[in-house]
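K.L.:
for reference, the sequence and a predicted model appear below.
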Amino acid sequence: MVIKCYPEKQSIENAKQIDDPLFMCVSHDGNTVLLAPADVVGCHITMLSKFGYKEPDIDKFYRVVINKGGADWTFICLEDYKGITNAGARIKTFYEDGNIMIANAIKAIGYDCPIEIPKRYRRHLNAMSE
């Protein structure tokens, strides 16, 4: 797993020391983690651009805002995730894959906190349980 920090690793360590939130993107294959202090980049798309990615590349990542208290996962499952056409199966796979990849990333950056999906991003999960 490659962990990349913006603007540099020390800014991430400084944010962690005072428990400021970090934006984190975890590639769908779990091989790349991008980190930046929330106050420095403002949003995931801006953060990706700082690493040289284009805006559409955001769909290749699980998006998280994290601090010691928890990891809030912006749960957005695209219709073409892994080529799975059945919506229920696609959302279930995205959820399971994301939990594994995000949990691994959380440990790799030195945190031990729960993954939460904020209420506004639960529509896919709620639809599955109905």
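P.N.:
The structure has been received and is ready for your questions.
K.L.:
residues contacting the residue positioned nearest the centre of the chain?
P.N.:
Centroid-nearest residue in the chain: Arg63, 2.6 Å away (criterion: CA atoms, centre = their mean). Counting by CB atoms under 8 Å, 6 or more residues apart in numbering, Arg63 makes contact with Phe23, Met24, Cys25, His44, Trp73, Thr74, Ile76. No exception for glycine: its C-beta is placed from N, CA and C like everyone else's.
K.L.:
could you pull out the buried residues of stretch 5-20?
P.N.:
Neighbour-count burial for stretch 5-20 flags Cys5, Tyr6, Ser11, Ile12, Ala15, Lys16 (criterion: 16 or more other CB atoms under 10 Å).
K.L.:
for the residues you listed, give me JSON lines that also has distance to Glu55.
P.N.:
JSON lines is the format used below for the buried residues of stretch 5-20 (distance: CB to CB, whole Å):
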{"residue": "Cys5", "distance to Glu55": "21"}
{"residue": "Tyr6", "distance to Glu55": "16"}
{"residue": "Ser11", "distance to Glu55": "23"}
{"residue": "Ile12", "distance to Glu55": "23"}
{"residue": "Ala15", "distance to Glu55": "24"}
{"residue": "Lys16", "distance to Glu55": "27"}
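K.L.:
need the residues you listed in JSON lines with secondary structure, pLDDT and distance to Tyr111, can you?
P.N.:
Below are those laid out as JSON lines (DSSP: H, G, I helix; E, B strand; the rest coil; pLDDT from 0 to 100; distance: CB to CB, whole Å):
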{"residue": "Cys5", "secondary structure": "strand", "pLDDT": "98", "distance to Tyr111": "14"}
{"residue": "Tyr6", "secondary structure": "coil", "pLDDT": "98", "distance to Tyr111": "18"}
{"residue": "Ser11", "secondary structure": "helix", "pLDDT": "97", "distance to Tyr111": "16"}
{"residue": "Ile12", "secondary structure": "helix", "pLDDT": "98", "distance to Tyr111": "11"}
{"residue": "Ala15", "secondary structure": "helix", "pLDDT": "97", "distance to Tyr111": "12"}
{"residue": "Lys16", "secondary structure": "helix", "pLDDT": "97", "distance to Tyr111": "8"}
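K.L.:
perfect, I'm done here.
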